[in-house]
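In: Compute the structure for the input listed below.
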Amino acid sequence: MPNGKMPTMNIELTREQQEALDHQGRGPQRVVDPRTHTAYVLVPENEYEAMREILEDERRERAIHAVALRNAADRLDEIP
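Out: Numbers count the residues shown, from 1 in each chain. As a prediction, the model looks like this:
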């Protein structure tokens, strides 16, 4: 991992899996790892990227808000 990121894994669906997804209808599709019983949600890549950008923006805004609150609290402590 020279860049610090995990390698991307591409898993191709079997014909049976694709047919099962086709019959499930619209919306995110859920799959379960039978080994761990962990559920995963499959979404199209473009929808994932849009959600990821929104979440990153929200994290950034929360961090900025936290810094602003700390700065305001520090200024209040400086008032005699």
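In: from here on, contacts and neighbour counts on C-alpha atoms
Out: OK.
In: where are the low-confidence patches of the protein?
Out: Scanning the chain for pLDDT under 70 picks out the ranges 1-6.
In: rerun at 50
Out: Residues of the chain that meet the criterion pLDDT under 50 lie in 1.
In: tell me which element the most centrally placed residue in it is part of?
Out: The residue at the geometric middle of the chain, judged as the C-alpha nearest the mean C-alpha position with CA atoms, centre = their mean, is residue 52 (5.2 Å). In the assignment (DSSP states H and E), residue 52 maps to helix 45-78.
In: what about the residue nearest to the centre of the chain, distance to residue 40?
Out: For residue 52, the distance to residue 40 (CA to CA, to the nearest Å) stands at 16 Å.
In: isn't residue 29 right up against residue 23?
Out: No. Shown here, residue 29 and residue 23 do not form a contact pair, counting by CA atoms under 8 Å, at 10.4 Å.
In: Neighbour count: these two, which is higher?
Out: When neighbours are counted by other CA atoms under 10 Å, residue 29 comes out ahead of the other of residue 29 and residue 23, with 15 against 9.
In: what bridges to that one?
Out: According to DSSP bridges, residue 42 are recorded as the beta-bridge partners of residue 29.
In: what about the closest residue to residue 32 other than its chain neighbours, how many neighbours?
Out: The shortest distance from residue 32 to any non-neighbouring residue, by CA to CA, 6 or more residues apart in numbering, is to residue 39 (4.4 Å). Around residue 39 there are 11 other residues, counting by other CA under 10 Å.
In: Tell me how far stretch 70-80 lies from the chain's centre.
Out: Taking the mean C-alpha point of stretch 70-80 and that of its whole chain, the gap between them comes to 36 Å (CA atoms, centre = their mean, to the nearest Å).
In: any idea how far residue 61 is from the residue nearest to residue 32?
Out: Shown here: residue 39 relative to residue 61, a distance of 30 Å by CA to CA.
In: same check, this time on residue 68
Out: Between residue 68 and residue 61 the distance, using CA to CA, works out to 10 Å.
In: So residue 35, which state does it fall into?
Out: In the three-state summary, residue 35 is assigned as coil, counting by DSSP: H, G, I helix; E, B strand; the rest coil.
In: All set, thanks.
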